[in-house]
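Attaching a predicted model along with its sequence, questions to come.
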Amino acid sequence: MAEKTCGVDFLAGFVVGALAGAAAALLLAPQSGEETRILIRDKGVELKGRADDLQVQAKERAQGLSTQAKEKAQVLSAQAKEKAGGLQSKVKEAVEEGKTAAAKKKEELLSQLKQESAIGEEPEEPAAV
């Protein structure tokens, strides 16, 4: 951002300095009024042409920077989506692994519970008839 401001300040200073120098040269030159008016008109046309050229260059540069910014934004967006997709798949894998581990632990606990209840129960003797 500082580069843009510095460039604009430099350009403004350059143009103002050029105009002041041209005006001083015209006023202090040993020429007739007619010659001075022609010279002023010619310099005005020349400065207008330079200003138009600078305007075109500034627009082209702004468009180039805008295009670069859009491309960079698209690249960063694609990278973010890719990372998000990778994280999403890792989370899904972790959830599946958690479900599998929970199911195994449940089976182990049920089998352990069945074993403990089988040990605690002894077969009853048949009743006498």
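Yes, it's here.

Could I get the full set of helices for this protein?
In the chain, the helices defined using DSSP state H lie at 2-28, 33-120.

Please convert those to JSON lines, extending it with mean neighbour count and mean pLDDT.
In short, each C-beta sits where N, CA and C put it, glycine included. Output for those, formatted as JSON lines (neighbours: other Cβ atoms under 10 Å; pLDDT from 0 to 100):
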{"stretch": "helix 2-28", "mean neighbour count": "11", "mean pLDDT": "77"}
{"stretch": "helix 33-120", "mean neighbour count": "10", "mean pLDDT": "89"}
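
Spatially central, which residue of this structure would that be?
The residue lying closest to the centre of the chain (Cα atoms, centre = their mean) is Ala73, at 4.3 Å.

That one and Lys104, how far apart?
Distance, Ala73 to Lys104, using Cβ to Cβ, to the nearest Å: 47 Å.

cool, Gly98 as well?
11 Å.

And for Glu96?
13 Å.

cool, Arg37 as well?
Counting by Cβ to Cβ, the separation of Arg37 from Lys104 is 100 Å.

Next: Gln79.
Applying Cβ to Cβ, the value for Gln79 to Lys104 is 38 Å.

what's the answer for Ser117, then?
From Ser117 to Lys104 the distance is 21 Å (Cβ to Cβ).

contacts for stretch 12-22?
43, 47, 51 (Cβ atoms under 8 Å, 6 or more residues apart in numbering).

Would you convert those into a markdown table that also reports distance to Glu108?
Formatted as a markdown table, these follow (distance: Cβ to Cβ, whole Å):
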| residue | distance to Glu108 |
| --- | --- |
| Lys43 | 96 |
| Leu47 | 90 |
| Ala51 | 84 |
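
Please determine how far Leu19 is located from Gln57.
Where Gln57 is concerned, Leu19 sits at a distance of 19 Å (Cβ to Cβ).

likewise Leu65?
13 Å.

Ok, Leu39 next?
To Gln57, Leu39 is 27 Å away according to Cβ to Cβ.

what do you get for Ala84?
Distance from Ala84 to Gln57, by Cβ to Cβ: 40 Å.

Brilliant, that's me finished.
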